[in-house]
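Colleague: Give me a model of this one.
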Amino acid sequence: MTQAAAGQKVRVHYTGKLDDGTVFDSSSGSDPLTFTLGSGEVIPGFDKGVLGLALNESRTVKIPCAEAYGPYQAEMVVEVPKTEIPAHLALKPGQRLQLKSPQGMLAVTVTGETDATITLDGNHPLAGKDLTFDLHLVEILPA
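Modeller: This next block holds a predicted model:
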């Protein structure tokens, strides 16, 4: 029986849930996720969860935050004076933005607003959260 191994391109159906059972992402109703095992295309815990699955096999994996999007880092939250934000941007809480940083592009979320400042959070929205994934290996693609 063929099992998914590092370096293989695979197709996986998945449902991701938080500890309270809230579904935050799913491939249900769409194409399976296609990626190469061990390539860093998905979070480490997802990779580990698929590794060793046989074709058409399913499993549920619990992924600690350290193997998902990492711990929440308070230093990734900054308040920016509105005077430093281009006037044509009407930023509102919940909005996602891409900013240039010395390390490259950084995705941030607007998390707050006062008369004088906008609060930006550079953490991934799932940072600090343990995740559970229901995984089903649909296909192992030929090399």
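
Colleague: which parts of stretch 38-50 are buried?
Modeller: 38, 42-43, 45-47, 49-50 (16 or more other Cβ atoms under 10 Å). Placement of C-beta: from N, CA and C, glycine included.

Colleague: Okay, now that stretch: how far is its last residue from its first?
Modeller: 10 Å (Cα to Cα, to the nearest Å).

Colleague: where exactly do the helices run in the protein?
Modeller: 44-50 (DSSP state H).

Colleague: can I see the domain layout of this structure?
Modeller: Structural domains assigned to the chain are 9-69+127-140, 74-121, following automatic domain parsing.

Colleague: Can you give me the end-to-end span of the last one?
Modeller: Meaning domain 74-121. 9 Å.

Colleague: swap in stretch 92-99?
Modeller: Using Cα to Cα, the two ends of stretch 92-99 sit 16 Å apart.

Colleague: Stretch 85-100 now?
Modeller: Using Cα to Cα, first and last residues of stretch 85-100 are 13 Å apart.

Colleague: surely residue 123 meets residue 73?
Modeller: Yes: contact criterion Cβ atoms under 8 Å: residue 123 and residue 73 qualify, at 6.0 Å.

Colleague: overlap in contacts of those two?
Modeller: By Cβ atoms under 8 Å, 6 or more residues apart in numbering, residue 123 and residue 73 have no common neighbours.

Colleague: neighbour count winner among the two?
Modeller: It is residue 123, of residue 123 and residue 73, that has more neighbours when counted by other Cβ atoms under 10 Å, with 20 against 12.
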